[in-house]
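A.B. asks: Model the structure of this input:
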Amino acid sequence: MSESTTKAKFTDKKFLVTLVFVTSLFMFWGIAITMADVLNKHFQHTMNLSKSQSAFVQFAVFGAYAVMGIPAGLFMKRFGYKKGVLLGLSLFAVGAFLFVPAANISSFAFFGIALFIVGCGLSTLETVAHPFVASLGDQRTSDQRINFAQSFNAVGAMLGPAIGSYFLLRNNVEGSTDLTSVKVLYAVIGVVILLVALSFSFVKVPSTTDPHAVLETDADAVNIDVAPDKKLFDHKHFVWAVAAQFFNVAAQAGTWAFFINYGHEKMGFSDAEAGNYMVAFMGMMLAGRFIGTFLMRVIAPNKLLAAFAFGNMLMCIIVAQSFGIVSFIALLMINFFFSIMFPTIFSLGLKNLGARTQQAASFLSMGVVGGAFFPFIMGAMADSYGIAHAYYAPIICYIVIFLFGYKFYKVKH
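C.D. replies: Alright, predicted model coming up:
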């Protein structure tokens with residue numbers, strides 16, 4: 001029986017240790033991204049910032065993706081996956097340690113620099129980790145490995161607000177400018193990330209295979225460039241995927257950044273209570289990821305993406321009405337519908353690009369920069385019209401995602 005007709009394994013035994021380490025990376029950047037949303041609220045208190053000013057937290061983190069997307073891809077191509085991971089972890093740790101002097105001088109600009117370096121580390125990890133996980137075994141099961149790893153990203157997204165709320169918001173005192181808790185928390189994070197990097201440096205990574213390489217002997221290879229004469233940006237489905245990813249992360253960053261504000265201002269929760277509800281908020285994403293993956297067995301991924309985008313349009317309208325608990329449940333449901341968007345847009349955008357797949361992955365990762373700008377828009381709307389009405393803004397983003405899933409996902413020869 002040929003290789004193409006045998007049942008492909010999830011991974012090989014030789015890759016297990018490496019898979020555990022790389023999968024943990026998805027959890028770590030999930031923690032860092034959502035903890036930034038707690039920082040947003042904490043800085044409003046301790047540094048007397050408006051909502052639009054505190055949105056610079058998201059700008060610094062997500063803006064780094066625009067800077068590091070292509071360099072991280074080039075570094076990975078030249079030095080390999082393992083060194084790419086170590087670079088990402090090192091930048092992550094350096095940025096975390098810079099929180100200590102930033103807190104000592106109480107400088108929001110210094111915090112911005114630290115957050116930017118953290119973001120450079122996260123961008124590098126995200127650019128490297130997706131193809132790394134895909135390469136740890138048979139290419140026919142690469143999608144399964146990526147979905148498995150992304151489930152831990154959702155776990156990290158739950159841990160981030162839980163950790164942040166406990167250490168940063170639980171003992172908030174009105175008018176306090178004490179940043180000691182921020183300093184201690186990020187110093188500990190820096191130490192943990194350094195230990196992970198040190199441990200991974202001793203792991204011997206077996207030779208991996210390119211999951212998108214097309215071998216003449218592999219009849220199941222599907223990522224064949226159907227239009228090799230075209231330039232990358234002549235592939236319309238890829239261009240639309242980049243746009244959809246930009247608006248997806250834009251809506252996600254804005255929604256997450258002001259979740260605690262909505263819980264406090266519209267539901268009457270304390271900041272710590274709202275932060276704890278954010279754990280359930282991220283739990284909805286985890287649930288959506290499992291349910292969405294199951295539904296893709298019977299519903300085409302592009303159709304499910306369009307349906308989830310339409311669902312979030314409705315949820316935003318309900319949230320903006322301030323219907324009490326009904327609107328708050330709708331806010332929780334936004335994260336449920338977010339669940340499949342990033343990986344589905346990513347995978348649809350890479351279809352049939354062949355040798356251009358790695359280059360395309362860098363640009364799709366850079367689409368995360370949308371998260372750098374949109375919180376400013378929502379923050380300005382919240383300052384002027386109230387936090388509830390700010391949730392009208394993401395509807396524009398979902399229209400783009402809907403159009404991509406409904407029509408513009410198609411690969412054209």
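
A.B. asks: C-alpha from now on. contacts and neighbour counts both.
C.D. replies: Will do.

A.B. asks: could you show me where the helices are in the stretch 151-300 of the chain, in order?
C.D. replies: 180-201, 236-257, 259-267, 271-295 (DSSP state H, counting those that start in this stretch).

A.B. asks: most packed of the ones you listed?
C.D. replies: helix 236-257 (a mean of 25; mean count of other C-alpha atoms under 10 Å).

A.B. asks: what angle separates that one from helix 259-267?
C.D. replies: Using axes from the mean of the first three to the mean of the last three C-alpha atoms, to 10 degrees, the inter-axis angle of helix 236-257 relative to helix 259-267 is 50 degrees.

A.B. asks: Which other helices and strands does helix 236-257 contact?
C.D. replies: helix 16-46, helix 341-349, helix 357-366, helix 370-385, helix 394-403 (3 or more C-alpha pairs under 8 Å, 6 or more residues apart in numbering; DSSP states H and E).

A.B. asks: mean pLDDT lowest for which of the helices of the stretch 151-300 of the chain?
C.D. replies: Across the helices of the stretch 151-300 of the chain, helix 271-295 has the smallest mean pLDDT, namely a mean of 87.

A.B. asks: And that helix, how far out from the chain middle?
C.D. replies: Relative to its chain's centre, helix 271-295 lies at 14 Å (C-alpha atoms, centre = their mean, to the nearest Å).

A.B. asks: cool, stretch 346-363 as well?
C.D. replies: With C-alpha atoms, centre = their mean, you get 18 Å for stretch 346-363.

A.B. asks: Do I have it right that residue 233 meets residue 239?
C.D. replies: Yes: assessed by C-alpha atoms under 8 Å, residue 233 is found in contact with residue 239 at 6.1 Å.

A.B. asks: re earlier: and the helices and strands packed on helix 236-257 as a markdown table, adding mean neighbour count?
C.D. replies: Shown next, in a markdown table, are the helices and strands packed on helix 236-257 (neighbours: other C-alpha atoms under 10 Å):
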| stretch | mean neighbour count |
| --- | --- |
| helix 16-46 | 22 |
| helix 341-349 | 21 |
| helix 357-366 | 23 |
| helix 370-385 | 21 |
| helix 394-403 | 21 |
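
A.B. asks: how about those in CSV, adding mean pLDDT?
C.D. replies: Below are these laid out as CSV (pLDDT from 0 to 100):
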stretch, mean pLDDT
helix 16-46, 88
helix 341-349, 85
helix 357-366, 80
helix 370-385, 91
helix 394-403, 97
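
A.B. asks: Relative to residue 270, which of those is closest?
C.D. replies: Closest approach to residue 270 among the helices and strands packed on helix 236-257 (C-alpha to C-alpha): helix 16-46, 11.7 Å.

A.B. asks: which helices and strands sit right next to the very next helix or strand once past that closest one?
C.D. replies: Going down the chain from helix 16-46, the next helix or strand is helix 51-54, by DSSP states H and E. When contacts are defined as 3+ C-alpha pairs under 8 Å, 6+ apart, helix 51-54 packs onto helix 16-46, helix 370-385.

A.B. asks: Can you check which of the helices of the stretch 151-300 of the chain gets nearest to residue 136?
C.D. replies: helix 180-201 (15.6 Å).

A.B. asks: still on that earlier bit, I'd like the helices of the stretch 151-300 of the chain written out as TSV, with distance to residue 93 added.
C.D. replies: Formatted as TSV, the helices of the stretch 151-300 of the chain follow (distance: least, C-alpha to C-alpha, whole Å):
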stretch	distance to residue 93
helix 180-201	4
helix 236-257	22
helix 259-267	27
helix 271-295	24
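
A.B. asks: close enough to count as contact, residue 40 and residue 53?
C.D. replies: No: contact criterion C-alpha under 8 Å: residue 40 and residue 53 do not qualify, at 9.2 Å.

A.B. asks: check contacts around residue 75.
C.D. replies: residue 84 (C-alpha atoms under 8 Å, 6 or more residues apart in numbering).

A.B. asks: so which strand or helix has it?
C.D. replies: helix 56-79.

A.B. asks: Which SSE is immediately downstream of that helix?
C.D. replies: Immediately after helix 56-79, counting by DSSP H and E, sits helix 81-97.

A.B. asks: And the contacts of that following helix?
C.D. replies: Against helix 81-97 from outside (C-alpha under 8 Å, 6+ apart): 72, 75-76, 113-125, 128-129, 132, 186-187, 189-191, 193-194, 196-197, 200-201, 205.
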